[in-house]
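*Asks:* Just need the structure, nothing else, for what follows:
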Amino acid sequence: MAMAVTATLPLSLASVAQAESTEVVELPKAEITAAAQDNYKVDKSTSIKYTQPLVDTPKSITVIPGSLMKDRNVDSLQEAIRTVPGISLAAGEGGAPTGDSMTIRGFSARNDILIDGVRDIAGYTRDIYNVEAVEVSKGPGSAVYGRGATGGSINLQTKTAKLDDFHDISLRGGTESDYRAQLDSNTSIGDKSALRINLLADDGEVAGRDHVENSKFGAAVSFATGIGKHSRFNINGDYQKQDNIPDYGIPWVQNYSTRDDRSNADWLEPSAGGKPPVDFDNFYGNLHRDFEDIEAKSVTAKYEYDLDHSTMIRLLGRVGTVERQSIITAPRFPYTTIDDVRVYGNPEGVITMADEKTRDTKDSLAVVQLDLVGSYKTGAIQHDIVTGVELAREKFERWNYIDIVDDNLDSTPVYNDLYNPDPNLAFTGRYGRGEKSDKATGQTTAFYVFDTLTLTPEWQVSLGGRYDIFDTEYYYELDGDDPSVKLDAKDSVFSWNLGVVYKIAPNGTVYIGAGSSFSPSADDLTASSRGNNADLDPEETISYELGTKWELVKGRVFTSAAIFRTEKTHARTDDPFASDSRDETLDGKQRVDGLEVSIAGQVTDELNITAAYTFQDSEVVKAAGDDQVQEGAELARTPEHSFSVWSRYDITHQFAVGLGAQYVGERFNSTDPGGREKADDYLLFDMMLSYQINELWSVQLNGSNLTDEDYISELGGGHFVPGQGRYLSLSTAYRF
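*Replies:* Here you go, the predicted structure:
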């Protein structure tokens, strides 16, 4: 904390001194938020680092407001981002947990999910019961949020107390024996303080998947004081507990076309490189062994102080933990070895139960951010400045989760029927925590500054830079701190962004933007111990974007269009000259060229709409050694075409109808043409009917995947997870 104050204080004093010698511009008093509203159009980013309205921000940013999530009956982050095309999902694997694992513009964003502008920790499925808005920022963003953010990042803005009195209760039941109950209660205390409480209870099966269940409980408390005053403070606490039957879906029929040591049995070969001929609702886990328990806790405190009408200091601190224990059966075909070749699919028509994935982990985070936000004029030029420092300490711990009583499904081994699996096969084992196997710590010290210069009423230039020092220590295969199994990495990287905006009309802009990002080998703290991976410098990415944004229909509708290129110029690839076949170099290059168009807002008094289309042309431009066969191949989980549309029409003041569709093109789970599997494209339809009984009471009917389409939602290396089947729900909300 002392380092943060010492580093930032000179900037603060310099800005105040500058304000005394230049014209002062009063900071807007409205909160920099995207609060829930009836109109789907959002004017501002959820991040204080984007100081301008979205129409004047030289970057593709989509904010999903609470009103849209309510109309679409959204429960989770994964459901929320269906509104934003160009994002696809990855399935959990042995090294990566199940949960929110997204790919944005061709590159993984699993570690680029933030809450209130602070990097969130661990992999888990995030509920949005305490979320006001979800923001997707596309293109490299290390200058804004630090490491990663190669293709983009996702920020969740949480609900905070406000000077209002309302109490919302909602209840929902659905076709999967499910229920969801929520309470959102806000009470003002005097003329400057308030308390807000959010509660959640959720339980039910997953449509289209046999035996998969999710159960959640959540509680969030926000207290704020000094609301609307020059000195403001709020503290938020959030607790979520999940008790799930996890899902690894269905096994791929692997593509072994370029392997001499592996092949598929004759009966399985016609399905090679895709899905097996089974029902999409098949569940290959074991209800007596498989489970997933997750407990997430965090406390966030924020203090803001207006030094004068033009300068604000903000201090934010957060501590949090996410603990997970789980056992998940990975569906795999058994094999027999014939003439030194593994032949998968022998015995015929069965799945092995012997490939269970266990996790016993704890992720911890402590972070402090100190920001100075100011608006000044120097001569004819206006400066909107954000500068600050971030100090963070992250910690990852993993224990061996072992069968302390022999797992008969593994040791026997036991097979399950591929076509009619039994989830209740006898399980006589018992698991428990063993010795600690991994421990990793990461420390981040970062300094950043952003300045938007308004040169004339028509021209703006945005400049930003961030210097990160990311220091990690990773102990693997240990019980203690044995330095012989420790990997160290320290990366010091400067990231930047640049944007030029021309206001072609009072309601429209044309812009060009560029930015960089870096991805260290220990992005998720646990550097790979394979080959020289831990010794490599970070991968580097640069992105260019040319676009236009317009506010139409008297400012009620926001439209945008952009072409972009995102290029990873230093990508990891095989080192053809290394003695260790696992060694890599940074001589690879990967590229995504694309086009995006979108519209959101209130077209008429009765019609709200949000629609977007994304085209992505992805390619491995350069690879070396054994990876050279990937050149020219598409990047993993990067559909060429995708679109999403949703509209709400208010037939009367009481009755409204909503209709939507989502299309995602075909995707691959790997960049290796000879070892990848393909997911087919799909088209889904959703609907909503709502009726406002009176000023306080409403009911709403929602339907998703109305045609009950079988489709692949999450792509993994050895398996895929089918998307949700047809689901209908009826909810009621009462406000008092």
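
*Asks:* how about the residue nearest to Pro576 when sequence neighbours are not counted, what does it touch?
*Replies:* Leaving out its chain neighbours, the residue that sits closest to Pro576 by CB to CB, 6 or more residues apart in numbering is Gly625, at 3.6 Å. For the C-beta atoms, the positions are set from N, CA and C on the backbone; glycine is no exception. When contacts are counted by CB atoms under 8 Å, 6 or more residues apart in numbering, Gly625 touches 573-576.

*Asks:* Throw together a ChimeraX command that grabs the buried residues out of these.
*Replies:* This is how ChimeraX selects the buried members of these, with burial counted by 16 or more other CB atoms under 10 Å:
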select :573,574,575
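
*Asks:* Can you list which of the contacts of Gly625 are found in helices?
*Replies:* Within the contacts of Gly625, no residue falls in helices by DSSP state H.

*Asks:* How about Lys216: what's its closest non-neighbour residue?
*Replies:* Distance criterion CB to CB, 6+ apart; nearest residue to Lys216, sequence neighbours excluded, is Asp202 at 4.3 Å.

*Asks:* The one you found should be in a strand, yeah?
*Replies:* Yes - with DSSP: H, G, I helix; E, B strand; the rest coil as the criterion, Asp202 is assigned to a strand.

*Asks:* still on that earlier bit, which of the contacts of Gly625 lies closest to Asp587?
*Replies:* Out of those, the one with the shortest distance to Asp587 is Thr573. That distance is 5.8 Å, counting by CB to CB.

*Asks:* Show the contacting residues for that closest one.
*Replies:* By CB under 8 Å, 6+ apart, the neighbours of Thr573 are 584-588, 622-625, 627.

*Asks:* beta partners of it?
*Replies:* Taking DSSP bridges as the rule, Thr573 bridges to Thr585.

*Asks:* again with Ser231
*Replies:* Taking DSSP bridges as the rule, Ser231 bridges to Tyr305.

*Asks:* Hmm, it is touching Tyr305, no?
*Replies:* Yes - checked against CB atoms under 8 Å, the pair Ser231 and Tyr305 is within contact range at 5.2 Å.

*Asks:* if you count what's nearby, which of these two comes out ahead?
*Replies:* For the pair Ser231 and Tyr305, the greater number of neighbours falls to Tyr305 (15 against 11), based on other CB atoms under 10 Å.

*Asks:* ok, that one to Thr671 distance?
*Replies:* As judged by CB to CB, to the nearest Å, Tyr305 and Thr671 stand 50 Å apart.

*Asks:* Which residue comes closest to Ala717 once chain neighbours are left out?
*Replies:* Rather than Ala, residue 717 is Gly. Ranked by CB to CB, 6+ apart and with sequence neighbours excluded, the top spatial neighbour of Gly717 is Glu93, at 5.7 Å.

*Asks:* Okay, now the unreliable bits of the protein?
*Replies:* Applying pLDDT under 70 to the predicted model, the residue ranges of the chain that meet it are 1-37, 94-95, 478-484, 527-529.

*Asks:* All the helices of it, residue numbers only.
*Replies:* In the chain, the segments counted as helices under DSSP H are 2-21, 66-71, 77-80, 142-145, 408-411.

*Asks:* got the buried residues for the fourth one?
*Replies:* Judged by neighbour count using 16+ other CB under 10 Å, the buried positions of helix 142-145 are 142-145.

*Asks:* Also the second one?
*Replies:* Applying a neighbour-count criterion of 16+ other CB under 10 Å, the buried positions in helix 66-71 are 66-71.

*Asks:* now do stretch 291-299
*Replies:* Neighbour-count burial for stretch 291-299 [16+ other CB under 10 Å]: 291-292, 294-296, 298.

*Asks:* ok, now stretch 698-707?
*Replies:* 698, 700, 702-706.

*Asks:* likewise stretch 661-673?
*Replies:* Burial within stretch 661-673, assessed by neighbour count using 16+ other CB under 10 Å, is assigned to 662-665, 667-673.

*Asks:* Same check on stretch 544-557?
*Replies:* 544-545, 547-551, 556-557.

*Asks:* before we move on, what about stretch 554-568?
*Replies:* Buried residues in stretch 554-568, counting neighbours by 16+ other CB under 10 Å, are found at 556-562, 564-568.

*Asks:* For those, give me JSON lines that also has distance to Ile512.
*Replies:* Conversion of the buried residues of stretch 554-568 to JSON lines gives the following (distance: CB to CB, whole Å):
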{"residue": "Arg556", "distance to Ile512": "27"}
{"residue": "Val557", "distance to Ile512": "24"}
{"residue": "Phe558", "distance to Ile512": "19"}
{"residue": "Thr559", "distance to Ile512": "18"}
{"residue": "Ser560", "distance to Ile512": "14"}
{"residue": "Ala561", "distance to Ile512": "13"}
{"residue": "Ala562", "distance to Ile512": "10"}
{"residue": "Phe564", "distance to Ile512": "11"}
{"residue": "Arg565", "distance to Ile512": "12"}
{"residue": "Thr566", "distance to Ile512": "15"}
{"residue": "Glu567", "distance to Ile512": "16"}
{"residue": "Lys568", "distance to Ile512": "21"}
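
*Asks:* Taking these, tell me the two that lie furthest apart.
*Replies:* Going by CB to CB, the pair spanning the buried residues of stretch 554-568 furthest: Arg556 and Lys568, at 38.7 Å.

*Asks:* who touches the closest residue to Ser411 other than its chain neighbours in this structure?
*Replies:* Nearest in space to Ser411, with sequence neighbours left out and distances taken as CB to CB, 6+ apart, is Ala354 at 7.9 Å. Under the criterion of CB under 8 Å, 6+ apart, the contact list for Ala354 reads 409-414.

*Asks:* tell me the two of these that are most distant?
*Replies:* Checked with CB to CB, the contacts of Ala354 reach their widest spread between Ser411 and Val414, with 9.1 Å between them.

*Asks:* Give me the more crowded residue out of those two.
*Replies:* Counting neighbours by other CB under 10 Å for Ser411 and for Val414 shows that Val414 has the greater number, 18 against 11.

*Asks:* Verify the contact between the more buried one and Asp422 for me.
*Replies:* No - applying CB under 8 Å, one finds Val414 not in contact with Asp422, separated by 10.1 Å.
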